[in-house]
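Chemist: What follows is a predicted protein model with its sequence.
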Amino acid sequence: MATQQRRISTRESKGITLLLIGIALGYLFLFLGLPLIAVFVEALSKGWDLYWQALVEPDALSAVRLTLLVAAIAVPANLVFGIAASWAIAKFEFKGKSLLITFIDLPFAVSPVVSGLIYVLLFGAQGWLGPWLQAHDIKLIFAVPGIVLATIFVTFPFIARELIPLMQAQGKEEEEAAVSLGATGWQTFWRVTLPNIKWGLLYGVILCNARAMGEFGAVSVVSGHIRGMTTTMPLHVEITYNEYNFVAAFAVASLLALLALVTLGIKSLVEWQAKRSGEPLHGAH
Amino acid sequence: MSSFKAHSVLPGFNLALGFTLLYLSLIVLIPLSALFVNTASLGFGGFWDVVTGDRVLASLKVTFLTSFAAAVANAFFGLVVAWVLVRYSFPGKRIIDALVDLPFALPTAVAGIVLATLYAPNGWLGQYFAELGIKIAYTPLGIVVALTFIGLPFVVRTVQPVLEDVEAEVEEAAASLGAGRWDVFRRVIFPAVAPALLTGFSLAFARAIGEYGSVIFIAGNMPYISEITPLLIIAKLEQYDYAGATAIALAMLLISFALLLAINGLQWWSSRRGAR
Amino acid sequence: MSISIQNLNKQFGTYKALDNINLEVNSGELLALLGPSGCGKTTLLRIIGGMELADFGKLLFNGEDVEQRDARERNVGFVFQHYALFRHMTVFENVAFGLRVKPKKERPNEAEIKRRVHELLSLVQLDWLHDRYPAQLSGGQRQRIALARALAVEPKILLLDEPFGALDAQVRKELRRWLRRLHDELHITSVFVTHDQEEALEVADRVVVMNKGVIEQVGTPDEVYAAPATSFVYQFIGNVNLFHSRDHAPWTSEHGDVVAYVRPHDIDISTTRQDETSLPVEVKLVRAIGSIVRVEVAADGSSEFIEIELSRERFDAAPLANGDRVFIRPRQFRVFEEASAA
């Protein structure tokens, strides 16, 4: 009897509990659930036929292709960078390390619009390298390379940030053991380091990919919005929405929403797997 | 051996650090320095004239006020959500927990158009507010809605682990000393999660200040009323006013850095407090 | 394989980790590096293994300079303090690792790898665990697997960093005996680091006592215990009573401020004054611990306790009780200058 009372005294009353759950769920439904449902409802509001047509029209398809291309370049580039940076930072002691970590975090502190702007300042017609690029007939801004660069910038820290704390927590004893057993650098990396960070790596890649495919502000500044040429999926959504072509806008938006749901699904799966295998993840930022 | 780096048997340091520095310089440092160099050509007087222009100041005011309001809303509701997710169990909790990260994963443009549609005067939700005479979309209130969506996960995700770590024993001790439930929350639990709450609040606030994609669709973008600073940068750019755009961007960047510094200081402070 | 260390120095910033170390390790011997934490023993071990580089000095294996040789080319087996087992590999794969990463020409075939790994696992008596993961093993089992893994590449030298440090007392004792037997079987030149004097004295052929980056003494376990070379060794190994010359002049010598070091079992107790070296004391505490009896006494007017150990037979022949007034006299002691006393 006494213990039961003590338990009760560290719990809220039934009414408060229900009220809190009600507030939380209501809030989440209003801000997350409803928008998510609305995307699909709006996309299908004029029926499946129009939805399908909106997806297979040439401009939409080219936007999908460009988005895939951009992600296919940006994610591997940041993956290689993330591995190199975390290897140097987590496995070695050197001066200026914390400054380096701060620099890696920088892009998170920069507004997407500013992220795009800095590339315009560098490569745009009036930028530092503008005249030289024009003289050699190279177009970076208002073209695909600019979109790729801006995307790499905004997704720059994702994978490194995931791997650095993870590799720091794991220490370097296993790698030292591998080397003392005769393994070369590559053998050590592939056989010892990589298997130990695989979940963290996948986690970082998933989040990096979601942002790369969905980036809007930075890409918007450098893209020039040339239909069928330099519009990614988010830009296609913007253009069609501004033309009051809501079905087209929401159709492509629904693909991006699906991507977000798949991302969340894989993310949860990775978190669960990592927990099971005892590889602690750094977690969301 | 140089004193720059301690000896290690592991190979690949030069390659890894060399590549890291090269890539960091090319992608981040050199482009960002363009902002400083270009503004320098404007001179401090020119820079100051741009960033204290009426329209810029108005946009900064809109940006900061709406970001602050959204962060406050998220601090309150985020705490409730974190509490509910940690303390109670109900059907579908795992899915809802995963869904909290949706704003991280959903492209901002998608969030923007769907929120604008929902809260438009004839939209699903907007129509009910319209009956009450409240206009959400195309007003600063709409900006708050979009920024609340964008910042939603921050408070939940910073508070959640701290709340999980609050030991049941401490609460039981407080209760056994005669504290009521509200006293326990106010005097024991809340002080423990307060630093995390503040960190989450700052993260949501910082994110909101730079946000662009989700806002522009719902804001209405009326100069002096519902025009956010990032949009003003784009507007200047479209008028080929590169100097103006650069100056505003630099001001924003400096504000972001100051916030980042404050957040890091906050985290350092709270981790020290936690270690005590 | 013998190891020769000549004038080795290592500095971390302003902190001198190793100060002019000279040491010979004979082929086939089991050597302990013993000292308190921060004495430089682990640094020395890591330099031998190639994990760390000396600032200057020579390191020779069988007379051959190995300074420039990479850790992976030194043919040294290293057992890490926390084992450093590969957590994503089974026990079998952990032990097989060193064989699998050999260059193609030297790499044994799969059947040979299998045979060798199972042989090693039987040697450490853990063959039945071959398909487990490190997380599923006890501390003692992990330690033995780490050893088997190090032995797989047939090292000429085996280095062990605090091999029993992370284990509980019972397992520790067992593993000590087991390591000694294993060494007697394999006769690989082995060096292990420990801060536990009992461990060093029980397992090693010779003990190197280190303090603050210098070697205080090198000798057999009996030598370092019975004939400590310095006051530090006296204090670090076994219990000792200190007598300052200004308090107990007759025990020490006549010149200057010196300290006499006396082991608790080197003190005689008698009820009568024997000669001028006898010191009148009062018995403060008597405690029987197994086969010995520990008596704590204090000189008149002194609050410092002197510890004496008696065998039980001796105690039973002349029992003591708290408050008894007796005389004590050292059978054997050594004198060090006050300044050098740690």
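Modeler: Sure, I can see it. Nothing here was measured: the structure is a model prediction, and the numbers come from that model. Residues are numbered from 1 along each chain as shown, chains lettered A, B, ... in the order given.

Chemist: can you count the residues close to C:V214?
Modeler: C:V214 sits with 17 neighbouring residues when counted by other C-beta atoms under 10 Å in any protein chain shown. (C-beta placed from N, C-alpha, C; glycine too.)

Chemist: Look up how far chain B lies from it.
Modeler: Distance, C:V214 to chain B, using C-beta to the nearest C-beta, to the nearest Å: 22 Å.

Chemist: One more: A:P76?
Modeler: As judged by C-beta to the nearest C-beta, A:P76 and chain B stand 13 Å apart.

Chemist: Now that C:I215 has come up, it's in contact with C:E24, right?
Modeler: No: contact criterion C-beta atoms under 8 Å: C:I215 and C:E24 do not qualify, at 11.3 Å.

Chemist: burial of the closest residue to A:K97 other than its chain neighbours, as a residue count?
Modeler: Using C-beta to C-beta, 6 or more residues apart in numbering or on different chains and skipping residues adjacent in sequence, the residue nearest A:K97 is A:I89, 6.0 Å away. The number of residues packed near A:I89 is 24, by other C-beta under 10 Å.

Chemist: now swap in the one 5 residues further on and tell me
Modeler: For A:F94, the count of nearby residues is 16 (other C-beta under 10 Å).

Chemist: Distance-wise, check the residue of the stretch 201-342 of chain C found nearest chain B relative to chain A.
Modeler: Nearest residue of the stretch 201-342 of chain C to chain B (C-beta to the nearest C-beta) works out as C:G213 at 17.4 Å. Distance of C:G213 to chain A, computed by C-beta to the nearest C-beta: 20 Å.

Chemist: same check, this time on B:L26
Modeler: For B:L26, the distance to chain A - C-beta to the nearest C-beta - is 9 Å.

Chemist: For that residue, grab the count of nearby residues.
Modeler: 12.

Chemist: tell me the mean pLDDT for the helix or strand hosting A:N209?
Modeler: Assessed by DSSP states H and E, A:N209 sits inside helix A:194-214. With pLDDT averaged residue by residue, helix A:194-214 scores 93.

Chemist: next SSE after that helix?
Modeler: Using DSSP H and E, the next helix or strand after helix A:194-214 towards the C-terminus is helix A:217-223.

Chemist: which helices and strands sit right next to that next one?
Modeler: In terms of contacts (3 or more C-beta pairs under 8 Å, 6 or more residues apart in numbering or on different chains; DSSP states H and E), helix A:217-223 is packed against helix A:112-123, helix A:144-154, helix A:233-242, helix B:229-238.

Chemist: deepest of these, which one?
Modeler: When you average the neighbours per residue for each of these (mean count of other C-beta atoms under 10 Å in any protein chain shown), helix A:112-123 leads with a mean of 27.

Chemist: Run a quick neighbour tally on the closest residue in space to B:L102 that isn't next to it in sequence.
Modeler: Closest residue to B:L102 apart from its sequence neighbours, by C-beta to C-beta, 6+ apart: A:L32 at 5.1 Å. Look at A:L32: counted by other C-beta under 10 Å, it has 21 neighbours.

Chemist: so what sits against both of C:I215 and C:E24?
Modeler: Common neighbours of C:I215 and C:E24, using C-beta atoms under 8 Å, 6 or more residues apart in numbering or on different chains, do not exist here.

Chemist: which one of those two has more residues nearby?
Modeler: Shown here are C:I215 and C:E24; by other C-beta under 10 Å, C:I215 has more neighbours (23 against 14).

Chemist: Okay, now the sheet partners of the helix or strand containing that one, with direction.
Modeler: Secondary structure from DSSP H and E places C:I215 in strand C:214-219. Here strand C:214-219 has these sheet partners by DSSP bridges: strand C:206-211 (antiparallel).

Chemist: thought B:D101 was touching A:I266?
Modeler: No: using C-beta under 8 Å, B:D101 is not in contact with A:I266, being 11.6 Å away.

Chemist: Please say which of the two ends up with more neighbours.
Modeler: Using other C-beta under 10 Å as the criterion, B:D101 and A:I266 rank with B:D101 on top: 22 against 17.

Chemist: Quick check: buried residues in stretch A:15-22?
Modeler: Buried residues in stretch A:15-22, counting neighbours by 16 or more other C-beta atoms under 10 Å in any protein chain shown, are found at A:L20, A:I21.

Chemist: whoops, I mixed them up, stretch B:149-169
Modeler: Neighbour-count burial for stretch B:149-169 [16+ other C-beta under 10 Å]: B:149-160, B:162-163.

Chemist: Now the two most distant members of these.
Modeler: Greatest spatial distance among those (C-beta to C-beta): B:F149 and B:V162, at 23.5 Å.

Chemist: What's the nearest residue in the stretch 101-250 of chain C when you look at chain A?
Modeler: Counting by C-beta to the nearest C-beta, the stretch 101-250 of chain C gets nearest to chain A through C:V101 (4.1 Å).

Chemist: Would you agree that residue is in contact with A:V179?
Modeler: No: counting by C-beta under 8 Å, C:V101 stays clear of A:V179, with 9.6 Å between them.

Chemist: Please say which of the two ends up with more neighbours.
Modeler: Shown here are C:V101 and A:V179; by other C-beta under 10 Å, A:V179 has more neighbours (27 against 21).

Chemist: Please work out how many residues are found near the one residue in the stretch 151-276 of chain B that gets nearest to chain A.
Modeler: Across the stretch 151-276 of chain B, the shortest distance to chain A (C-beta to the nearest C-beta) belongs to B:G210, at 3.0 Å. Neighbourhood size, B:G210 [other C-beta under 10 Å]: 26.

Chemist: Fine by me, thanks again.
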